[in-house]
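In: Curious how this folds, go ahead:
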Amino acid sequence: MDIKTLKLKASENRLKVLEKVAEVGRGHLGGTFSCIEILTCLYYEILNLDLIKLNSNDRDRVLIGKGHACLGLYNIFFDLGLLSLEKLDEFGTNSHSLGPQLNYKNLGIETNTGSLGHAIGLSCGLALAARLNKKNYKVFSLVGDAECDEGSIWESVLFASQNKINNICVIVDRNWLSVTKKIDRLDEVSPLENRFKSYGWETIIIDGHNCEEIIKALKTKSTKPIAIIADTIKGKGVSFMESGIKWHHSIPTKNEYLNARSELENQILKNKL
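Out: Numbers count the residues shown, from 1 in each chain. The predicted structure is shown next:
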């Protein structure tokens with residue numbers, strides 16, 4: 001898929017996320033908008049969808065720590081035929097299998113989410129299993145930057161390096177916001193990229209909204225585990241939501257929704273030109 005089409009897919013997904021959140025009165029706009037391009041490039045350009053649809057043991061695995069960004073993934077799954085419209089419409093209805101966090105009962109989802117800090121550890125286990133079972137699949141793990149405060153993250157990062165696991169790729173959605181506060185660069189004990197490097201990982205810093213950079217990074221090959229630090233903007237695409245703490249889980253008012261929809265529709269038109 002060409003870059004122009006990927007950008008269009010991303011902008012259309014943002015609008016779908018906004019509309020669903022406004023419709024059902026729940027969801028996480030900010031952190032979903034920040035990783036839309038990452039998910040778009042991963043699923044439309046990198047993964048073998050046929051193997052995922054067959055639930056093949058040879059499929060690449062994707063584990064997501066920040067499962068509250070699930071709605072962006074659900075829209076992609078629907079577009080790619082991994083999720084039915086009937087199932088997608090269950091979002092926001094207290095569905096037992098399609099809720100505000102990911103559930104492994106749905107095709108393409110490897111594990112349940114909700115508790116942060118486990119995605120990289122689980123990914124290490126799956127990646128090591130591939131080596132033991134002589135499989136060639138790769139494991140991708142998408143986590144948030146605030147999530148990286150969890151100690152289990154760094155235990156897993158060390159484990160991957162010690163065991164020379166080179167079929168794992170961690171993508172950190174670095175949008176510089178947690179649920180309640182901004183992440184101050186000056187207060188960091190050490191930047192994320194330095195921490196991953198010190199643990200022996202191949203580390204790449206990219207613009208997490210630039211599809212060319214994302215794809216190039218995701219295709220990187222190395223003898224080391226790979227960490228992609230994707231600098232993003234929480235609430236990307238809607239001017240009054242961008243980098244706003246409020247929009248981790250706030251639901252827009254009618255006027256906010258209309259203004260946000262107008263901005264996103266304009267971006268779709270721009271990407272179609």
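In: Scan the chain for its longest helix.
Out: helix 3-24 (DSSP state H).
In: and whichever helix or strand comes after that helix, how far from the chain's centre?
Out: Later in the chain than helix 3-24, the nearest helix or strand by DSSP states H and E is helix 29-34. Computed by CA atoms, centre = their mean, to the nearest Å, the chain-centroid distance of helix 29-34 equals 9 Å.
In: Same check on stretch 113-123?
Out: On CA atoms, centre = their mean, the centre of stretch 113-123 falls 13 Å from that of its chain.
In: Please, where are all the strands along the stretch 151-273 of the chain?
Out: Here the stretch 151-273 of the chain has its strands, by DSSP state E, counting those that start in this stretch, at 168-174, 202-207, 226-231.
In: Same list, these, but as a markdown table with mean neighbour count please.
Out: To be clear about C-beta, it is placed using only N, CA and C from the backbone, and glycine gets the same treatment. Listed next are the strands of the stretch 151-273 of the chain as a markdown table, based on neighbours: other CB atoms under 10 Å:
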| stretch | mean neighbour count |
| --- | --- |
| strand 168-174 | 27 |
| strand 202-207 | 18 |
| strand 226-231 | 24 |
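In: can you map out the helices along the protein?
Out: 3-24, 29-34, 36-41, 49-53, 70-79, 85-88, 119-132, 151-162, 192-198, 211-218, 254-272.
In: residues in contact with the longest helix of the chain?
Out: The contact list for helix 3-24, computed with CB atoms under 8 Å, 6 or more residues apart in numbering, reads 1, 27, 29, 32-33, 36-37, 39-41, 44-45, 71-72, 75-76, 79, 91-93, 211-212, 236-238, 251-252, 257, 260-261, 264-265, 267-268, 271-272.
In: ok, 7 Å please
Out: 27, 29, 32-33, 36-37, 40-41, 44-45, 71-72, 75-76, 91-92, 211-212, 237, 251-252, 257, 260-261, 264-265, 267-268, 271-272 (CB atoms under 7 Å, 6 or more residues apart in numbering).
In: Any of those residues buried? List them.
Out: Among these, those buried by neighbour count (16 or more other CB atoms under 10 Å) are 27, 29, 32-33, 36-37, 40-41, 44-45, 71-72, 75-76, 91-92, 211, 237, 252, 257, 260-261, 264, 267, 271.
In: Redo the strands of the stretch 151-273 of the chain as JSON lines? Include distance to I109 and mean pLDDT.
Out: JSON lines is the format used below for these (distance: least, CB to CB, whole Å; pLDDT from 0 to 100):
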{"stretch": "strand 168-174", "distance to I109": "17", "mean pLDDT": "98"}
{"stretch": "strand 202-207", "distance to I109": "25", "mean pLDDT": "98"}
{"stretch": "strand 226-231", "distance to I109": "21", "mean pLDDT": "98"}
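In: can you redo the ones you listed as JSON lines with distance to A160?
Out: Shown next, in JSON lines, are these (distance: least, CB to CB, whole Å):
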{"stretch": "strand 168-174", "distance to A160": "6"}
{"stretch": "strand 202-207", "distance to A160": "11"}
{"stretch": "strand 226-231", "distance to A160": "10"}
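In: Among the ones you listed, which comes closest to D50?
Out: Nearest to D50 among the strands of the stretch 151-273 of the chain is strand 168-174; the distance by CB to CB comes to 20.5 Å.
In: contacts for the closest one?
Out: By CB under 7 Å, 6+ apart, strand 168-174 touches 34-35, 38, 66, 120, 123-124, 127, 138-145, 148, 160, 192, 208, 218, 225-232.
In: What is the neighbour count of G114?
Out: By the criterion of other CB atoms under 10 Å, G114 has 12 neighbours.
In: Got the phi and psi for the closest residue to it other than its chain neighbours?
Out: Sequence neighbours aside, Q101 is the residue nearest to G114 in space, at 4.4 Å (criterion: CB to CB, 6 or more residues apart in numbering). Per-residue torsions, Q101: phi -130, psi 160 (degrees, to the nearest 10).
In: So Q101 versus F196, what's the distance?
Out: From Q101 across to F196, the span is 26 Å (CB to CB, to the nearest Å).
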